[in-house]
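# got a structure for you, letters missing:
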Ligand SMILES: Nc1ncnc2c1ncn2[C@@H]1O[C@H](COP(=O)(O)OP(=O)(O)OP(=O)(O)O)[C@@H](O)[C@H]1O
């Protein structure tokens, strides 16, 4: 199955399209079945493979993506990587960079290549760091020399002299941070983060990080709007990449560039590769590792069941019409094997409980029936950990407060803090019994801070409403927080319906004109249709 994912240059797109058709016709889960090569075959040293097996006993063979991505990464090639959620892209990145470091150390002499990873949010940066800690088999504090985290924090601004000095003196081969944090440092003191230090730059979840022009055939107004925004509001990632690759004082030695995402459209890839200017030679030498059909396969592994619960204005709760009554597997059943001796991550900050007292006397913007429905579904169905994804504009802390008032052990997601998700980055055999007896936890977040996140203990994703951009890709990405690598999971959309005949809302269209929003239930059906999903009855509300 390796052939379904192709290493190719921009000249070889045709065979890939054929292969993509072939994959769909056969309904083959392309990402799981490469598996004839070992990690050692892909360039990891014997020592690195031994450490990998100790830290991640369940990671036995590379996925198809990893089979093509790892040699390209280790060979210093520029890479554009797009494969479905949970195909092991980010893990391969961390493994490859760490493996390269080990190999360079084993060879001795030369200073190891430094890498800068830009992640969309700090929780993903912490997840990458945590994987390194496990690979190294050391507590996080001892591993500090390998990873330098560049994250903003209210208590200790990045621009504090001590933090800038620490960064300037850092010998860590891996710097992971958000583009905002990197930019803040570069503006405050460019000497603290000399860009020439880096031999590799990685942008994870790149389609959410770099704005691109509208596709050919888009209307004139879309183009004008884009151009205005492009000039006025360059995204932090674009600014960093321009400094790194395009500006006059960009480093003389061009760093390897790796960009990856689960949801990279053809147009996005084309623009990044050939028009962004960040790749030399109009991207002709870029190694493209693309899955045959990202969207359709992403959300539909048969280990996940999809549910939609409708909450009426009068507070009545029902399953979406047409949901089938298949009995789903118990999400608590599957346990991924991991090493017994891996130490827990040590969090860098003192755990603070969210202070939500201030909401005591203020009315909530959340519909109480909806939150009660989520609280009930959570109480009845979640064994340990669930995620609630709210619309971007929703107040996470308020939702936490309201859910706690309903008796839910809710916390705003923040994996820097043990009690707010940090403990769930790992699945430590030693802690498993304790976790099984602990009060189940509901981590509350928005889409922006859950992209790419992988919490192995998590079995349920609750989504309040449909994705704001109404896209199947976004739904698939959120759903992909569970059901990874054969684990089971449930995705439960909770939709507030509107009274018959009433529009669910209006949005401004052109000057003075308003446009009815289509019904959210209809949209969800549409998304299910696009992804090939048949919703299943959420049995507690049958
Ligand atoms: N070869 C492998 N075998 C078994 N498990 C693996 C393998 N590679 C990665 N994993 C596990 O799969 C999970 C998902 O990996 P990862 O987050 O890298 O996927 P991803 O493709 O980056 O997903 P997303 O697009 O959602 O960010 C992780 O828990 C990781 O430990």
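All right, it came through fine. Since this is a predicted model, take the numbers as computed values, not measurements.
# go through stretch 176-189 and flag the buried ones.
176-186, 188 (16 or more other C-beta atoms under 10 Å). Heads up, the C-betas are built off the backbone N, CA and C, glycines and all.
# ok, now stretch 378-389?
378, 381-382, 384-389.
# ok, and what's touching that stretch?
Contact partners of stretch 378-389, identified using C-beta atoms under 8 Å, 6 or more residues apart in numbering, comprise 331-332, 374, 399, 403, 407-408, 410, 413, 424, 435-436, 438, 440-447, 450, 455, 457-464, 478, 481, 490, 538, 540.
# which secondary structure element contains residue 307?
Residue 307 belongs to strand 304-311 when assigned by DSSP states H and E.
# same thing with residue 70?
With secondary structure defined by DSSP H and E, residue 70 is part of helix 64-74.
# what's the offset of that helix from the middle of its chain?
19 Å (C-alpha atoms, centre = their mean, to the nearest Å).
# helices or strands up against that helix?
Applying 3 or more C-beta pairs under 8 Å, 6 or more residues apart in numbering; DSSP states H and E, we find helix 64-74 packed against strand 6-8, strand 79-82, helix 89-107, strand 287-290.
# if we can go back for a sec, which SSE is immediately downstream of the strand holding residue 307?
strand 317-319.
# which neighbouring elements make contact with that following strand?
Partner elements for strand 317-319 (3+ C-beta pairs under 8 Å, 6+ apart): strand 304-311.
# show me where the stretch 201-350 of the chain has its helices.
220-232, 236-245, 266-270, 294-298 (DSSP state H, counting those that start in this stretch).
# what does the first one rub up against?
Which is helix 220-232. With C-beta under 8 Å, 6+ apart, helix 220-232 has contacts from 211, 213-214.
# average pLDDT across that helix?
Mean per-residue pLDDT for helix 220-232: 84.
# also the third one?
Computed over helix 266-270, the mean pLDDT rounds to 89.
# and what of the second one?
Helix 236-245 shows a mean pLDDT of 96 in the predicted model.
# check which helices and strands that helix sits against.
If you count contacts as 3+ C-beta pairs under 8 Å, 6+ apart, helix 236-245 packs onto helix 179-188, strand 198-204.
# follow-up on the earlier one: what's the closest of the helices of the stretch 201-350 of the chain to the ligand?
helix 294-298 (8.3 Å; C-beta to the nearest ligand atom).
# which helix or strand contains residue 51?
helix 46-55.
# point out the residues in the chain that sit beside the ligand.
For the chain, the contact set with the ligand under C-beta under 6 Å from any ligand atom comprises 58-59, 62-63, 66, 85-91, 262, 452, 454, 456, 480, 484-485.
# just the buried residues of those residues.
Burial by neighbour count, 16+ other C-beta under 10 Å: within these this picks out 59, 62-63, 66, 85-91, 262, 452, 454, 456, 480, 484-485.
# can you tell me how far residue 290 is from residue 270?
12 Å (C-beta to C-beta, to the nearest Å).
# looking at these two, which one has more neighbours?
Each of residue 290 and residue 270 has its neighbours counted (other C-beta atoms under 10 Å); residue 290 has more, 24 against 17.
# nearest residue to the more buried one in space, ignoring adjacent ones along the chain?
residue 82 (5.0 Å; C-beta to C-beta, 6 or more residues apart in numbering).
# cool, residue 530 as well?
Here the residue nearest residue 530, using C-beta to C-beta, 6+ apart, is residue 472, at 4.1 Å.
# how far away is that neighbour from the ligand?
According to C-beta to the nearest ligand atom, to the nearest Å, residue 472 stands 15 Å off from the ligand.
# report whether the expected contact of that residue with residue 525 is present.
No. Taking contacts as C-beta atoms under 8 Å, residue 472 lies outside contact range of residue 525: 11.5 Å.
# any idea which element the residue of the stretch 351-500 of the chain found nearest the ligand lies in?
Nearest residue of the stretch 351-500 of the chain to the ligand: residue 452, at 3.5 Å (C-beta to the nearest ligand atom). Using DSSP H and E, residue 452 maps to neither a helix nor a strand.
# contacting residues for it?
90, 119-120, 124, 127, 204-205, 262.
# three-state assignment of the closest residue to it other than its chain neighbours?
Once flanking residues are discounted, residue 452 sits nearest to residue 124: 4.7 Å by C-beta to C-beta, 6+ apart. When classified by DSSP: H, G, I helix; E, B strand; the rest coil, residue 124 comes out as helix.
# wait, doesn't residue 124 sit right on residue 453?
Yes. Counting by C-beta under 8 Å, residue 124 touches residue 453, with 6.0 Å between them.
# okay, the residue nearest to residue 530: pLDDT?
For residue 472, the predicted pLDDT is 86.
# could you do residue 334 as well?
In this prediction residue 334 is given a pLDDT of 41.
# coming back round to it: out of the buried residues of stretch 176-189, which comes closest to the ligand?
residue 176 (14.2 Å).
# give me the beta-bridge partners of that closest one?
Residues in a beta bridge with residue 176, per DSSP bridges, are residue 117, residue 149.
# got the contact list for it?
Contacts of residue 176 by C-beta under 8 Å, 6+ apart are 116-117, 119, 125, 128-129, 147-150.
# pLDDT at it, what is it?
Residue 176 is given a pLDDT of 94.
# now residue 346
The model's pLDDT for residue 346 equals 28.
# surely residue 479 and residue 305 touch.
No. Shown here, residue 479 and residue 305 do not form a contact pair, counting by C-beta under 8 Å, at 10.3 Å.
# where do the contact lists of those two overlap?
With C-beta under 8 Å, 6+ apart as the test, residue 479 and residue 305 both reach residue 491.
# got any ranges where this protein has weak pLDDT?
The chain contains residues with pLDDT under 70 at 1-35, 109-110, 138-144, 154, 292-302, 327-359, 415-438, 484-486, 499-518.
# domain ranges for it?
Following automatic domain parsing, the chain resolves into domains at 2-291, 297-335+367-541.
# picking up where we left off before, got a list of what the residue nearest to residue 452 touches?
Applying C-beta under 8 Å, 6+ apart, the residues contacting residue 124 are 90, 204-205, 451-453.
# ok, now how distant is it from residue 69?
Counting by C-beta to C-beta, the gap from residue 124 to residue 69 is 18 Å.
# comparing the helices and strands packed on helix 64-74, which comes out most buried?
Mean neighbour counts were compared across the helices and strands packed on helix 64-74 using mean count of other C-beta atoms under 10 Å; the top stretch is strand 79-82, at a mean of 25.
# right, and residue 98 touches residue 48 too?
Yes. Counting by C-beta under 8 Å, residue 98 touches residue 48, with 7.2 Å between them.
# residues in contact with stretch 251-259?
Contact partners of stretch 251-259, identified using C-beta under 8 Å, 6+ apart, comprise 73, 76-81, 93, 116, 195-196, 198-203, 206, 241, 244-245, 272, 278-280.
# report the buried members of these.
For the contacts of stretch 251-259, buried by 16+ other C-beta under 10 Å: 73, 77-81, 93, 116, 195, 198-203, 206, 241, 244-245, 272, 278-279.
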